[in-house]
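Student: just a sequence and a predicted model for now, questions to come.
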Protein chains: 2
Amino acid sequence: MARTNAEPAVDKRRMILDAAVRVFARTGFHTCRVSDIADEAGVAYGLVYHYFDSKDQILDTLFLERWDILLRAIQEVDGEEIPAREKLYAITSFIVDSYRHDPDLMKVIIVEVTRAANTFGRTHLSHIRQAYVGIAAIVERAQRAGTFRADITPDFAALAFYGAVEQVLTGWIFALLPTGDREYDQAKTHIVETICGGLDRVERS
Amino acid sequence: MARTNAEPAVDKRRMILDAAVRVFARTGFHTCRVSDIADEAGVAYGLVYHYFDSKDQILDTLFLERWDILLRAIQEVDGEEIPAREKLYAITSFIVDSYRHDPDLMKVIIVEVTRAANTFGRTHLSHIRQAYVGIAAIVERAQRAGTFRADITPDFAALAFYGAVEQVLTGWIFALLPTGDREYDQAKTHIVETICGGLDRVERS
DNA sequence: TGACCGGTTGACTGACCAGTCAATCTGTCC
DNA sequence: GGACAGATTGACTGGTCAGTCAACCGGTCA
């Protein structure tokens, strides 16, 4: 047992994961080589395979770590006693702030997993679906309470909502929309306004 | 000049493209081999390279063929003298019917290009963007006419709208939503209702 | 001291596959 | 017929890279 302290001074496994985020974000998962990750982490090639079984497993790890946090956030929000619109705002806020805090990681998760339906998206479909299910539950409850209209199925509303959020993130990732703190906060409101209030102009009492 | 008629009896180029759609839809662009396409088309390996410069070019061709039709449809719809909501309905309808008519092709375009932001999505970003621009133009005009609220930017509304449509298509592609003629037609209404009318329950006069 | 062990190294291998190319076929035209 | 051209064939090559492995390092413990 070589571990006197709880952990070695530098956690190489974490360094590899962090380096992978940067490399995946820069070059893309399929385009980059494992050696790129090792180089970026300042670590020997073989060490990557000491900590991970495969290149895929690195991405899996990154995705699952973060997605589970999102799922818990959705659960938690749903438990609170606030209007559905505020719940959706809280979820949007969580996702947008995740992007603000670590754009590379969110880019990788969205581009390489969530939107990569043929490769990792398929593998993690059940996890991704959990998010939709959580959102749909919020919508359904609001419909029963009479806050949301009942003629649009919760499943459908969940997809539309999540689709709008993801597309906006993608807009930032690929510079189709301006980025910045002001824009991020505006986006939160706008997304929820669009999905809940609608684009139609309405006389509000 | 060996062409007495306008074209050979069987257009091998077309056969290769059609085979590619099936193979890409089944196996995914990156996973499949060029020989799979040749086999599916019932054609020798080398012939693929007689008609196309590369594997990439096959996907490019499929995407551009179809996307240009979509862009024209958006242009055309925008030219008509109908309310913005009906314009958005017409666009949604066009996309949904494209999926109904050729799910494999739409799956390939969405999964391998539109949503594959790191590979082909990046290559065709300017084309994809054209669709957003067209939709944003519709929104902007409606805002000026006072039909749509003006506090949400057209760019933003376009992304949210397109995001919702694409997410629903993705839901069908990966069996997260039930498919069928009834569902397709309902979806058209629901998407437009969600984006224009919003999820909030409103007393309508 | 020396045995031990997890962490670390990087050269190497084996598989895979996009793209090439020389040969062959098929039809046309003079 | 025979010359020419485009269509068609499929074996082969070259380069790439994920994953392996045998050796090495540095700290611990008896």
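Tutor: Structure's in. What do you need?

Student: does the helix ranked longest in chain A reach DNA strand D?
Tutor: The helix spanning the most residues in chain A, taking DSSP state H as the definition, is helix A:55-79. Yes. Using Cβ under 7 Å from any atom of the strand, a contact is recorded between helix A:55-79 and DNA strand D, made by A:55-56. Heads up, the C-betas are built off the backbone N, CA and C, glycines and all.

Student: is any residue of that helix near DNA strand C?
Tutor: No. Contact of helix A:55-79 with DNA strand C is not found when judged by Cβ under 7 Å from any atom of the strand; the minimum separation is 12.7 Å.

Student: pull the number of nearby residues for the nearest residue to residue A:139 once chain neighbours are set aside.
Tutor: Counting by Cβ to Cβ, 6 or more residues apart in numbering or on different chains, residue A:154 is the residue found nearest to residue A:139 once chain neighbours are left out, at 4.1 Å. Applying other Cβ atoms under 10 Å in any protein chain shown, we find 21 residues neighbouring residue A:154.

Student: hmm, back to that, for the longest helix of chain A, packing partners?
Tutor: Helices and strands touching helix A:55-79, as assessed by 3 or more Cβ pairs under 8 Å, 6 or more residues apart in numbering or on different chains; DSSP states H and E, comprise helix A:12-27, helix A:84-101, helix A:103-108, helix A:120-123, helix A:125-145.

Student: give me the angle between that helix and helix A:12-27.
Tutor: Here helix A:55-79 runs at an angle of 90 degrees relative to helix A:12-27 (axes from the mean of the first three to the mean of the last three Cα atoms, to 10 degrees).

Student: give me the mean pLDDT for helix A:55-79.
Tutor: Averaging pLDDT along helix A:55-79 gives 97.

Student: which residues are in contact with that helix?
Tutor: Contacts to helix A:55-79, defined as Cβ atoms under 8 Å, 6 or more residues apart in numbering or on different chains, come from residues A:16-17, A:20-21, A:24, A:29, A:34, A:37, A:48, A:52, A:87, A:90-91, A:94-95, A:98, A:105-106, A:108-109, A:112-113, A:120, A:123-124, A:127-128, A:130-131, A:134-135, A:137-138, A:141.

Student: how about 7 Å then?
Tutor: A:17, A:20-21, A:24, A:29, A:34, A:52, A:87, A:90-91, A:94, A:105, A:108-109, A:112-113, A:120, A:124, A:127, A:130-131, A:134-135, A:137-138 (Cβ atoms under 7 Å, 6 or more residues apart in numbering or on different chains).

Student: next: stretch A:154-166.
Tutor: Contacts of stretch A:154-166 with the rest of the structure, by Cβ under 7 Å, 6+ apart, involve A:88, A:92, A:95, A:110, A:114, A:131-132, A:135-136, A:139-140, A:143, A:191, A:194-195, B:160, B:163-164, B:166-168, B:171, B:177, B:190-191, B:194, B:199.

Student: before we move on, back to that, tell me the most buried of the helices and strands packed on helix A:55-79?
Tutor: Mean neighbour counts were taken over the helices and strands packed on helix A:55-79 using mean count of other Cβ atoms under 10 Å in any protein chain shown, and the top value, a mean of 21, falls to helix A:103-108.

Student: for that one, give me every contacting residue.
Tutor: For helix A:103-108, the external contacting residues (Cβ under 7 Å, 6+ apart) are A:21-22, A:24-25, A:62, A:66, A:98-99, A:169, A:173.

Student: for that helix, what is the average pLDDT?
Tutor: Regarding helix A:103-108, the rounded mean pLDDT is 97.
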